[in-house]
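> sequence below, structure please.
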Amino acid sequence: MDSLDQTGKDLERLEQQLKLLLEQTQKLREDNRSLQNRQESLVAERAGLVAKNEEARSKVEAMIHRLKALEQS
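Residues are numbered from 1 along each chain as shown. Next up is the predicted model:
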């Protein structure tokens with residue numbers, strides 16, 4: 001009977017450990033999904049900022065060329 005009691009306690013402990021592991025796994029999956037979404041958002045934001053930067057650079061270069069042309073006139 002003592003061995004049976006010990007086996008029962010061991011099974012309960014194992015069940016609790018598995019339950020905790022499953023909860024932690026689910027949380028990690030949710031965190032991972034959240035981080036992936038955030039990364040996608042940041043990548044899209046960065047692409048937009050790079051495009052705006054390129055547009056601003058082009059405008060500044062065009063102004064510089066116009067100013068040089070006015071100087072030479």
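> average pLDDT for the helix or strand where R57 lies?
Secondary structure assignment for R57, by DSSP states H and E: helix 2-72. The average pLDDT within helix 2-72 is 96.
> and that helix, how far out from the chain middle?
Centre-to-centre, helix 2-72 and its host chain are 0 Å apart (C-alpha atoms, centre = their mean, to the nearest Å).
> what sits against I64?
When contacts are counted by C-beta atoms under 8 Å, 6 or more residues apart in numbering, I64 touches no other residue. No exception for glycine: its C-beta is placed from N, CA and C like everyone else's.
> what about it, distance to D10?
78 Å (C-beta to C-beta, to the nearest Å).
> check Q24 too.
With the distance defined as C-beta to C-beta, Q24 ends up 21 Å from D10.
> could you do R46 as well?
Using C-beta to C-beta, R46 is found at 52 Å from D10.
> now do S3
Distance of S3 to D10, given as C-beta to C-beta: 10 Å.
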